[in-house]
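**Student:** structure here, sequence nowhere to be found:
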């Protein structure tokens with residue numbers, strides 16, 4: 001049987017309503033060129049998730065493969081389970097509470113087919129906020145192809161944290177399989193790093209996916225994650241632990257390849273650390289200052305941009321800062337190059 005171009009891979013945990021919303025948003029005309037793989041991670045609402053997915057499967061023309069883990073594996077291991085189950089040339093991960101942009105998949109499909117020799121494709125996406133506004137995340141002024149190199153890894157790494165739309169060649173995801181970063185919530189970033197060093201990558205300006213603000217985070221529900229993350233909320237410790245793992249991963253890659261990529265990425269992260277800072281501003285100025293000091297200890301104050309974001313968030317608040325950033329991005333057409 002001819003290989004499908006895409007496996008849409010969905011790690012599922014406790015979101016029956018949201019996963020049905022996601023499935024209903026898949027709207028490509030390339031029906032025989034995609035498969036949908038859902039791996040449910042033994043959540044309390046497993047039966048409700050199963051009911052939604054199987055009902056969708058009975059009504060859709062897409063090939064749907066629904067899998068249930070015997071034990072709760074956690075996010076990173078569940079991604080590996082999806083990779084093993086997938087059959088497509090490319091794997092596209094989707095968070096179970098995110099959506100596809102209407103009418104975008106066919107355009108992205110054509111782009112991916114044209115760049116089928118690439119190991120990784122950086123997507124563009126939209127973030128929908130609770131106040132009804134949205135922000136588009138585009139990173140370059142045009143589509144791009146990048147050679148296999150340290151420079152490509154550094155350029156794409158911080159732009160790839162949001163998992164939905166993360167697109168990687170399945171054979172390379174299998175080639176680099178590892179459990180070194182289980183419980184980090186960064187497994188896809190590890191795969192990106194290894195792939196960028198060895199294979200070419202591409203960037204598409206097509207807005208392919210969208211995030212919906214306001215959902216409940218379930219990271220920390222598995223036994224392996226409980227010691228690192230608290231489920232149900234985004235605590236300061238959660239954010240710091242995530243960024244600590246971020247540093248551990250980049251240090252590992254730099255050591256493996258005997259280069260200074262970790263230093264370059266940390267400087268890049270400092271330039272664009274506004275989202276990392278903003279996520280804890282709602283907790284009040286006192287808690288925010290404590291959080292910012294902990295980020296400094298991790299090295300995220302290497303550039304003056306850190307202090308610009310810090311003081312802007314204190315003086316103007318996150319809503320005003322967010323509106324300024326959205327305005328600048330609309331004017332420029334993509335994330336500014338700092």
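**Tutor:** Yep, that arrived. Values in this document were obtained by computation on a predicted structure and should not be read as measured data.

**Student:** which parts of the longest helix seen in the chain are buried?
**Tutor:** Identified as the longest helix of the chain according to DSSP state H is helix 304-332. Neighbour-count burial for helix 304-332 flags 305-306, 309-310, 312-313, 318, 321-322, 325-326, 329 (criterion: 16 or more other CB atoms under 10 Å). Bear in mind the C-beta positions are built from the backbone N, C-alpha and C, glycine included.

**Student:** got it, and stretch 171-191?
**Tutor:** Neighbour counts over stretch 171-191 (16+ other CB under 10 Å) mark 172-173, 176, 181-191 as buried.

**Student:** do the same with stretch 278-295
**Tutor:** By neighbour count on 16+ other CB under 10 Å, the buried set for stretch 278-295 is 278-281, 288, 291-292, 294-295.

**Student:** quick one: distance of it to the chain centre.
**Tutor:** The chain centre lies 23 Å from the centre of stretch 278-295; the measure is CA atoms, centre = their mean, to the nearest Å.

**Student:** next one: stretch 92-104
**Tutor:** 11 Å.

**Student:** start to end distance for that stretch?
**Tutor:** Using CA to CA, to the nearest Å, one end of stretch 92-104 lies 14 Å from the other.

**Student:** in helices, which of the buried residues of stretch 278-295 appear?
**Tutor:** Of those, the ones assigned to helices by DSSP H are 278, 288, 291-292, 294-295.

**Student:** re the thing from before, residue 254: which of the buried residues of stretch 278-295 is nearest?
**Tutor:** Proximity of the buried residues of stretch 278-295 to residue 254 was ranked by CB to CB; the top entry is residue 295 with 20.1 Å.

**Student:** pretty sure the closest one contacts residue 307?
**Tutor:** No: taking contacts as CB atoms under 8 Å, residue 295 lies outside contact range of residue 307: 11.5 Å.

**Student:** and residue 136, that one's in a helix?
**Tutor:** No: counting by DSSP: H, G, I helix; E, B strand; the rest coil, residue 136 is not part of a helix but strand.

**Student:** so for stretch 314-326, mean pLDDT?
**Tutor:** What stretch 314-326 shows for mean pLDDT is 94.

**Student:** for beta bridges, what are the partners of the residue lying closest to residue 68 once chain neighbours are set aside?
**Tutor:** Distance criterion CB to CB, 6 or more residues apart in numbering; nearest residue to residue 68, sequence neighbours excluded, is residue 40 at 4.8 Å. Beta-bridge partners for residue 40, by DSSP bridges, are residue 12, residue 68.

**Student:** please, where are all the helices along the stretch 101-250 of the chain?
**Tutor:** 105-114, 150-157, 170-175, 187-198, 223-226, 236-257 (DSSP state H, counting those that start in this stretch).

**Student:** great, nothing more from me.
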